[in-house]
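Asks: Sequence plus predicted model, see below.
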Amino acid sequence: MIAAPISVIFSPDNPSPIEMSELKQEKMPLYVSSPGHSVFGEYVGAHWCGPCMDSASPSLTNLKTSNPEEFTFVSFFESEFGGWPSDSPILRTDHVMNNSDGYPTFSFGDQQSGSCYKVGSSGSHYYDTDFANGGCMSDDSSNFQLEMSMSLNATSEEVTIGLEVTYVGTETSVQTHVYAAITEEIGADSYDNGYRPHHNWRGWLLNENQDGFAELTLFKDMTADISWTAPLSLVRPSSGHSQWENFWPVIALMDGPYDSFNTVLAAVDPAMGPLIDVGITQFTVENREDTPGFTPGDILDLNLEVRNNGVENYIEGGEFGIYIISGSDVTYLGGQTISELGPGSTQSLDLEFDTSEITMANSGITTFRAMITDLSSDRNSSNNLLDALAFHDMPPSPARPAAVGSTSFERGDAVQFESTALSNDLVDDMSTMSPTLEYSPSGTSQWTGGWVISTELAGSGGNAVYLHTIQTPPTAGTGFYDIRTMWQDLSGQESEWLVTEEAFELHNALPKVLSSNDPGFVGYPTVKLGDSETISLSGLVRDAETPLSMLAINSSDPEFLGWNSATTSITVQFDEIARDSQGNPLPQGVFISIDDGEDVNNGMLLFNVIESGAPRWAPITTQPVFEAGSATISLTEFLSDTDDDGNPVSANGLVITIVSNSNEGLLQATVAGQTDSFHRR
């Protein structure tokens, strides 16, 4: 025996602390011994109460955690925002507080005095000793066997709570009252320090008149049952518990009505007694064609597996089966009776389904439902129903391709189109569909894909497109062309062909004179002044579709002397050199017309004109010679000379001779070197 510390008690009328001395008590054991039967209690506390949040509630939680199958309780808790719960018509808050002047107050077995009636609290195992000593329950507690069941209607969100009571005592019959409350396993309301009390009261399960606890007459060695229906919305989710997981009925069997103090015979909650849970562990729908969706006529394999998740053999029967959902219609496809299942044991059902009669729809889904029905005492009904989806696999629908760049171009060039399609289902996307593009001269339906040199997927997700490249040959016919696209999905379904008329136009590629900006240009040819020169037009004139030898070339310029198609060359002759203001030679042109048989194009052939190597005279100024007089002039300054490449060389070596004299009777001329002498008679 040790001296207990001072406890601090709070009065409901005055929340200021009142110091109270507590009698000596036994030291709390770390692990609580089993009393050998169920124990029930009721707790009253408030959010602002220090001993409540620091000791009482943690003590109750620890006791429930260490002895989950033997201890249960109900908390009546004043929350910060909701205040005290309205527990009419039973008014258990006042009932428990009948002999108390502060919080926390806890009553084992509906007691109002003695060690089972606790006012105040200290430590985190405050109630363990009284629990281990029996919790002031009836001495005949072991004569009452309670079994609870729960099932959730997912449609109405209502919970059916069932109770079966078997009396194995010596009396012929026993009259009992059923204390039944709905609590939150973990309270959605918390103390001021954030701690959440457990088993917070949320509603009563009453008799048919809703004015008291239901009465139940028990007969020796017989089982009596009773059930209630309550909305799931009575409770709230909390601390990771869903609404269904937090729905926590607490039921106690008493020997008297609610408005008197009674002996509690036995109690039960969902954690007490063997766990009974048969649930669906696997439900699959697979196409034998090994595709994610199905087309009419495919066979679907349906596989359903149920498992005993409990800790004891399940022998209470029930059915599990597979249904097909169509709108509001539910059609049974097949099922089995649940056989005896040991803990962890499974039972399977395999069906095949022919999809021939399914009405297909764009983005359609066929829903198959697996259900477990007619179970007894199933704690967890949330795993009794599971849907599996089979996607309708529809043929794709092509969208009209969009051109990348101009659709009017010369034959021999390329054009690109981007194409997309609608999958029409939830099976395919752009990565699982592939397009085919073909072309034809407009209106002829002569479809082919020979010019399509690549079809590539570009982008991803919603930006994914296929890029088609059509490379036209130089020999292609000119005019408009239609294109058409067809798509195939993962299962091999093909779309209809989508025709786009006059999608692109091919023009004759005009022959042209090349410039320095064109690939293959060989540069300006060089010709010699005054000479007839033959120049190849390879690298100077080009037609993308027509060989040079098949072109007709003409010119009206005097420098043009002729075109030889056999040698693909022209003959030109320039008689002068054009120069700029600084005396530098300029390129000189011959304007030509080029005819490829379909079209005529014009252009200027440019030439570098150079000297031919012959000496040249510059104009000689007039030389006066008087009668009977003489004169001389040096001709060197009027002479120039070039080599064979047109480069200037010295004129000093030139030999000058007089070819003729138009009037030898008047003027006599002689040359000595490069000096000319004149004598007038």
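Replies: Looks like it came in fine.
Asks: Low-confidence ranges, the stretch 301-450 of the chain, go.
Replies: 377, 379-380 (pLDDT under 70).
Asks: how about the strands of it, start to end?
Replies: Assigned by DSSP state E, counting those that start in this stretch, the stretch 301-450 of the chain shows strands spanning 319-326, 329-337, 346-354, 365-373, 385-392, 397-398, 402-404, 408-410, 414-419, 421-422, 434-441.
Asks: Which residues belonging to the longest helix along the chain are considered buried?
Replies: Among the segments of the chain that qualify as a helix by DSSP state H, the longest is helix 57-66. For helix 57-66, the neighbour count (16 or more other CB atoms under 10 Å) marks 57-64, 66 as buried. C-beta coordinates here come from the backbone N, C-alpha and C atoms, glycine included.
Asks: Stretch 457-467 too?
Replies: 465-466.
Asks: W84 - how many residues pack around it?
Replies: Residue crowding around W84 was assessed by other CB atoms under 10 Å; the count is 13.
Asks: was I right about it contacting R92?
Replies: No: the criterion here is CB atoms under 8 Å, and W84 misses it with R92 at 11.4 Å.
Asks: Find residues that contact each of these two.
Replies: F76 (CB atoms under 8 Å, 6 or more residues apart in numbering).
Asks: follow-up on the earlier one: so which of the buried residues of helix 57-66 comes closest to F607?
Replies: Relative to F607, the closest of those is T61; by CB to CB it sits at 106.3 Å.
Asks: Which pLDDT value goes with the closest one?
Replies: We have a pLDDT of 96 for T61.
Asks: try the one 3 residues further on
Replies: Predicted confidence (pLDDT) at K64: the value is 95.
Asks: ok, the closest residue to it other than its chain neighbours - how many residues close by?
Replies: If the residues on either side of it in the chain are set aside, K64 comes closest to F71, at 5.5 Å by CB to CB, 6 or more residues apart in numbering. When neighbours are defined as other CB under 10 Å, F71 has 27 of them.
Asks: V590 now?
Replies: 21.
Asks: Identify the residues contacting it.
Replies: 555, 557, 559-560, 570, 572, 604-605, 607.
Asks: Run through the bridge partners of it.
Replies: L605 (DSSP bridges).
Asks: so what pLDDT did the residue sitting nearest the centre point of the chain get?
Replies: Taking CA atoms, centre = their mean, the centroid of the chain lies closest to G461, which sits 7.7 Å from it. With respect to pLDDT, G461 scores 88.
Asks: Could you do D676 as well?
Replies: Value listed for D676 in the pLDDT field: 72.
Asks: Could you find the closest non-adjacent residue to it?
Replies: Using CB to CB, 6+ apart, the nearest residue to D676 is I633, at 5.3 Å.
Asks: longest strand anywhere in this protein?
Replies: As assigned by DSSP state E, the longest strand anywhere in the chain is strand 173-186.
Asks: Give the rounded mean pLDDT of that one.
Replies: Per-residue scores along strand 173-186 average to 97.
Asks: coming back round to it: between the buried residues of helix 57-66, which sits nearest S122?
Replies: S59 (9.0 Å).
Asks: Would you mind measuring from that closest one to A252?
Replies: 20 Å (CB to CB, to the nearest Å).
Asks: Ok, M272 next?
Replies: Taking CB to CB, one finds M272 at 11 Å from A252.
Asks: higher neighbour count, these two?
Replies: More neighbours surround A252 than the other of M272 and A252, with 30 against 21 (other CB under 10 Å).
Asks: my guess is the more buried one meets V264, correct?
Replies: Yes: in this structure, A252 is within contact of V264 by CB under 8 Å, at 5.3 Å.
Asks: can you list the weak-confidence ranges in the protein?
Replies: Looking at the chain by pLDDT under 70, you get 1-31, 273-275, 377, 379-380, 613.
Asks: Which SSE is immediately downstream of the helix or strand I535 falls within?
Replies: Taking DSSP states H and E as the criterion, I535 maps to strand 532-536. As assigned by DSSP H and E, the chain's next helix or strand after strand 532-536 is strand 541-542.
Asks: So what touches that following strand?
Replies: 511-514, 518, 520, 548, 551, 553, 592, 594, 603, 605.
Asks: any chance of those in a markdown table, plus distance to G194, secondary structure and neighbour count?
Replies: Shown next, in a markdown table, are the contacts of strand 541-542 (distance: CB to CB, whole Å; DSSP: H, G, I helix; E, B strand; the rest coil; neighbours: other CB atoms under 10 Å):
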| residue | distance to G194 | secondary structure | neighbour count |
| --- | --- | --- | --- |
| P511 | 90 | coil | 27 |
| K512 | 86 | strand | 15 |
| V513 | 90 | strand | 21 |
| L514 | 86 | coil | 18 |
| D518 | 82 | coil | 12 |
| G520 | 84 | coil | 9 |
| L548 | 93 | helix | 19 |
| L551 | 94 | coil | 20 |
| I553 | 98 | strand | 21 |
| I592 | 97 | strand | 22 |
| I594 | 93 | strand | 24 |
| G603 | 91 | strand | 19 |
| L605 | 95 | strand | 25 |
